[in-house]
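[1] predicted model and sequence follow; I will ask about them next.
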Amino acid sequence: MFGYWSVPLTSSDTDGSTNVAPYTPGAWQYLLRGLNWAKKHSIHVIIDIHGAPGSQNGYDNSGQRTSNPVWALNPANVSRTVDTLRYIAENIGGMIDVIELLNEPTGFRGDEWAQAVRQFWLDGHDTVRKAAGTGIKVMIGDAFLGVQVC
C-alpha cells in the first residue's frame, strides 16, 4: 500500500523522488526493489492506493487526517488518482497480480461522493485494462455503501 505521492508522475519527479509536499520522497525505488524480491521468490503482490490527493476518506490511512476530505469534490484530485493507476499499470503491471484502485473511499458522504466513487471505479478499471490488459486483477471496495449499490 502506498499513496499517490510515491508515484513519479510530473516532470519534476524522478524514479527516486516525487515533488509532493509534505510527503517524504523516494518511495518508488523501494517499491521496485520489493517487487523484484517478490518476483525472485515467487511471491504474489497486491498493490493498493492508500492515499489519494485531497484524502478519499479523511482517515489517517489516507495520508492526511481531516474532517473535511475533498478528493471526490475536486476533479483534479480524481484525475491525479487515475493518472497514478495508469502509471502503475504501465510501469509495473507485469510485476503485480492485483491492484486495488483506491482504499476505502467514503461513498457515504452524500450523493456527489457516491457518484464520484462509482465513476472512479469505472474510469480506474478502464485505465488499468487499457494500460496493462487483463493480466492484472482489479479490486474495489464497497465505499462503505454495501455491494448492492456499487
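    Great, that's in hand. Numbers count the residues shown, from 1 in each chain.

[2] in this structure, where's the longest strand?
    With DSSP state E setting the assignment, residue counts place strand 46-51 as the longest strand in the chain.

[3] flag every buried residue along it.
    Buried residues in strand 46-51, counted by 16 or more other Cβ atoms under 10 Å: 47, 49-51. (Each C-beta comes from the backbone N, C-alpha and C, glycine too.)

[4] strands along the chain, start to end?
    Listed from the start of the chain, the chain has strands (DSSP E) covering 2-3, 46-51, 98-100, 137-139.

[5] check the closest residue to G124 other than its chain neighbours and give its pLDDT.
    Taking Cβ to Cβ, 6 or more residues apart in numbering as the measure, G124 lies nearest to L101, with 4.0 Å between them; neighbours along the chain are not counted. For L101, the pLDDT comes out at 95.

[6] span of stretch 50-62 from start to end?
    Distance across stretch 50-62, first residue to last, is 6 Å (Cα to Cα, to the nearest Å).

[7] mean confidence score for it?
    Taken as a whole, stretch 50-62 carries a mean pLDDT of 80.

[8] now do it: distance to the chain's middle.
    Stretch 50-62 has its C-alpha centroid displaced from the chain centroid by 10 Å (Cα atoms, centre = their mean, to the nearest Å).

[9] need the contact partners of it.
    In this structure, residues lying in contact with stretch 50-62 by Cβ atoms under 8 Å, 6 or more residues apart in numbering are 1-5, 63-74, 76-77, 80-81, 102-106.

[10] make it 7 Å
    Under the contact criterion Cβ atoms under 7 Å, 6 or more residues apart in numbering, stretch 50-62 has outside partners 1-5, 63-67, 69-71, 74, 77, 80-81, 102-106.
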